[in-house]
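Peer 1: Next comes the sequence, and after it the predicted model I'd like to discuss.
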Amino acid sequence: MELAEIKAYLKTSITSLRDRGYMRLDLVKAGIFTVEEIQEMQEICMSEYYKFFTDKGIDPTSIQIDLKNEMKTNPYFKQPKDSEMFKAMYGQKTNDGREYINTRAPANAMNCGMGSATSQKSTYYHPRLNELREKLRSFMTALYQSPVKRHLTRFGLKLPPAKDMQLHTDMSYIAENRDGVTEMRESDDPVSYYPYNPDGNFHRLQFILGLNNSDAGWYGYEGAHQKYAEIGDGLDWPGKTKTIQKIPIKLMKTLGLKRVDIPTRFGEAVIWNCGVPHGNSACSKVPRLVLYVNYQPDTEQTTAGHIMGLGNQPTETKSSFGLNFQHSK
């Protein structure tokens, strides 16, 4: 694309983010990444994923995932309780080394495509993944209209068969904020409080980058970022929370908000305002692989030095990192 075409393309996408609460942007078409770089990110993520299981003694030839075609069999889900895969999926250890099974903290969760295998410490700190994410700093600075902090993040791999993820936001509905927040949020604060900061710029933007083409994708409710007060009223103002806030679909319908579905596409980003209730959609055929990107507004250009519990992520204060945490997106 010519420079003028790229500028027009970006303008259209950013207008969608402002008015609809979400945008989709082909990062290759926009000149931010090359096809080779997107492919490299895909290969890194899958390598990290496979290593989680091969380190637990699983034969690598038995767990290969085709990201281009329909998945006929799933070697991860619905395994017999006496199988090695069941132990790899749900087996954990106490601090003193005792083994136990916890099916509520899987290596990969059916509902969301995240878990221990996609959230390893090596993934968050992977130097090449973070180097590539860093290429988005200028773009995110422009979206926030302020300096930004890049946080350490993971990836998601949703495998069929899997249903829609629970509709939710990563934002708290606090009665005192009904008409807006009065202070800027700290860049390390894991809680989001309102769709916009006092200066009118975005409070928090959420960002996924498609690393393959899939029938599964992102869904959200257009325009919901402009109805903080109405949604809060509908929820009876539950207050501050550090976990996801579940949103009844009935409430969206009552407010006249319509669902939008965006299938995952290789190299395409979906970016949305934290005030948009969302989830990832059902996966019936081709697996869905996405990379998470997390930039937050800050007072200067910074990079997080450790893993923060943003939304639903584990933190480095957990005694067994990557195992005993709630995962949902």
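Peer 2: Received, thanks.
Peer 1: from here on, contacts and neighbour counts on C-alpha atoms
Peer 2: Will do.
Peer 1: What ranges does the stretch 151-300 of the chain have for its helices?
Peer 2: 228-235, 249-254 (DSSP state H, counting those that start in this stretch).
Peer 1: Please read the previous query as pertaining to the stretch 1-150 of the chain.
Peer 2: 3-20, 35-54, 84-90, 121-124, 127-133, 137-144.
Peer 1: Report the rounded mean pLDDT for the last one.
Peer 2: Here helix 137-144 scores 95 as its mean pLDDT.
Peer 1: got it, and the second one?
Peer 2: Taken as a whole, helix 35-54 has an average pLDDT of 98.
Peer 1: got the buried residues for it?
Peer 2: Neighbour counts over helix 35-54 (16 or more other CA atoms under 10 Å) mark Ile38, Met41, Gln42, Cys45, Met46, Glu48, Tyr49, Tyr50, Phe52, Phe53 as buried.
Peer 1: Redo the helices of the stretch 1-150 of the chain as a markdown table? Include distance to Met252.
Peer 2: As requested, these are arranged in a markdown table below (distance: least, CA to CA, whole Å):
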| stretch | distance to Met252 |
| --- | --- |
| helix 3-20 | 15 |
| helix 35-54 | 34 |
| helix 84-90 | 35 |
| helix 121-124 | 34 |
| helix 127-133 | 33 |
| helix 137-144 | 27 |
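Peer 1: for the helices of the stretch 151-300 of the chain, which one ends up most surrounded?
Peer 2: helix 228-235 (a mean of 18; mean count of other CA atoms under 10 Å).
Peer 1: Determine the set of other helices and strands touching that helix.
Peer 2: For helix 228-235, the contact count by 3 or more CA pairs under 8 Å, 6 or more residues apart in numbering; DSSP states H and E identifies no helix or strand as a packing neighbour.
Peer 1: Numbering from 364 from now on, please.
Peer 2: Noted, 364 is the first residue going forward, which turns the last one into helix 591-598.
Peer 1: What mean pLDDT does that helix get?
Peer 2: Mean predicted lDDT for helix 591-598 stands at 98.
Peer 1: Mind pulling up the pLDDT for the residue nearest to Gln508 when sequence neighbours are not counted?
Peer 2: Excluding the flanking residues, the one nearest Gln508 by CA to CA, 6 or more residues apart in numbering is Asn564, at 6.9 Å. Looking at Asn564, its pLDDT reads 94.
Peer 1: wait, isn't Asn564 in contact with Pro510?
Peer 2: No. Using CA atoms under 8 Å, Asn564 makes no contact with Pro510, being 12.0 Å away.
Peer 1: Tell me which of these two has more neighbours.
Peer 2: A count of neighbours by other CA atoms under 10 Å puts Pro510 above the other of Asn564 and Pro510, at 18 against 15.
Peer 1: Contacts only, for the more buried one.
Peer 2: By CA atoms under 8 Å, 6 or more residues apart in numbering, the contact set of Pro510 is Thr504, Pro660, Asp661, Thr662, Glu663, Gln664, Thr665.
Peer 1: which one is Lys444 nearest to, not counting chain neighbours?
Peer 2: Lys450 (7.5 Å).
Peer 1: Leu618 now?
Peer 2: Nearest residue to Leu618 in three dimensions, chain neighbours excluded: Glu593, at 7.8 Å (CA to CA, 6+ apart).
Peer 1: Check Glu549 too.
Peer 2: Asp661 (7.2 Å).
Peer 1: what about that neighbour, distance to Asp596?
Peer 2: Using CA to CA, to the nearest Å, Asp661 is found at 30 Å from Asp596.
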